[in-house]
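Participant: pasting the structure only:
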């Protein structure tokens, strides 16, 4: 007889709507100002000094995306959360262990929001794609969704004496216009660092002039726990070459194609506008975005960062992602170092059900590329997989790496469950 196994532990999430004391909240002015910056939210609360915390969980969701912060720190390692669903039917919530972020006395929980696919802004000159959902079955009418970004958060602190303290989003939370002035899942992000007040997500922050949040009415989406793998920062790439094809325009080459964000380190006067253009290709030394835009005319994918003017500033976008090997940078106040930019690779943290290795270095490299490509493609609904399948299945004499075969080596069932239940999304313009 074998020895006893270690004790296993598990816990339940919020299974029923009655378990939620929190309400969906939004900004109270976005409806009147369509071009208003995206809001940020904050709530101050107190942890009594006489009690000892046994467990603390933050349950949070967003329509479309959010980033949670507690006492000045980002909560969780996942990014671009929650995952995309049919927002008419379902929104996914994430559960975070935040006991280590709490402190005796004053605490502040903060939330930033991004549009995601829930609200797709059409800004002149910026590339955009929307997700439409089947209204019925088969190839019936599709419905494009949009609306003001919203969040819901419920912090549950369980003390050793058995008592529970809940901090739930409602109209007592404070809201303010945040630093993100534009957020498009594919079009990029505009961030004005001058708008963000230092310490806004810390107990020392001043929220006295912030307005109250508005409770969002009539949210049809049911809340379900997200159990698919998180999207995470998987790798950081250093630039291998920097060129200056024209005065003041710098192009960085990361040496490999990736999906994620560019990160910049810059110092300069307040109000300086730095523009980032990611891309797969170069044309006469400049970034050429034609292939990544689907040949849509007169639009670009770009990130804009406006400096606060407080020494060295480090920034990357939060609520967008790009495919790129090259990064073209405009507006820098001085010539940069090659180390001034970093490529942050993000991808789904899917588990492996099988591995491949053989004596051929070429085939091993092809397998690694296919694995990285698939994990990158899992960030959002993609329309490119059918082209790959046709090229590998319908023409077996040219078959090198079959996408369905590669998928079978990944644990993707959790990623497909809700999309099967709620019908599949389709990207359109």
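Facilitator: Sure thing, it's come through. Since we're looking at a predicted model, the values are computed, not measured.

Participant: Assumed residue 270 was part of a helix.
Facilitator: No: using DSSP: H, G, I helix; E, B strand; the rest coil, the secondary structure at residue 270 is coil, not a helix.

Participant: Spell out the residue ranges of the strands in the stretch 201-350 of the chain.
Facilitator: 211-212, 214-215, 222-225, 231-238, 241-246, 249-267, 273-279, 281-283, 286-288, 303-306, 312-315, 322-330, 341-348 (DSSP state E, counting those that start in this stretch).

Participant: Which elements pack onto the first one?
Facilitator: With contacts defined as 3 or more C-beta pairs under 8 Å, 6 or more residues apart in numbering; DSSP states H and E, the secondary structure elements packing on strand 211-212 are strand 174-177. All C-beta spots, glycine's among them, are computed from the backbone N, C-alpha and C.

Participant: Outside of the strand it packs on itself, list whatever touches it.
Facilitator: 25, 27-29, 36-43, 195, 200, 207, 210-214 (C-beta atoms under 8 Å, 6 or more residues apart in numbering).

Participant: Check which residues of stretch 53-64 are buried.
Facilitator: 53, 56-64 (16 or more other C-beta atoms under 10 Å).

Participant: Go through those and flag which are in strands.
Facilitator: 53, 56-63 (DSSP state E).

Participant: what about the nearest residue to residue 77 once chain neighbours are set aside, neighbour count?
Facilitator: Excluding its sequence neighbours, the residue lying closest to residue 77 (C-beta to C-beta, 6 or more residues apart in numbering) is residue 232, at 5.5 Å. Using other C-beta atoms under 10 Å, the number of residues around residue 232 comes to 15.

Participant: And the one 10 residues further on, by the same measure?
Facilitator: Taking other C-beta under 10 Å as the criterion, the count of residues near residue 242 is 18.

Participant: cool, and residue 314?
Facilitator: When neighbours are counted by other C-beta under 10 Å, residue 314 comes out with 10.

Participant: still on that earlier bit, ok, of the ones in strands among the buried residues of stretch 53-64, which one's closest to residue 161?
Facilitator: Distance to residue 161, by C-beta to C-beta, is smallest for residue 53 among those, at 10.7 Å.

Participant: Run through the bridge partners of the closest one.
Facilitator: Taking DSSP bridges as the rule, residue 53 bridges to residue 159.

Participant: close enough to count as contact, it and residue 159?
Facilitator: Yes: under the criterion of C-beta atoms under 8 Å, residue 53 makes contact with residue 159 at 6.1 Å.

Participant: how near is the residue nearest to residue 293 when sequence neighbours are not counted to residue 289?
Facilitator: Excluding its sequence neighbours, the residue lying closest to residue 293 (C-beta to C-beta, 6+ apart) is residue 127, at 5.3 Å. Residue 127 sits 8 Å away from residue 289, taking C-beta to C-beta, to the nearest Å as the criterion.

Participant: Many thanks, we can stop here.
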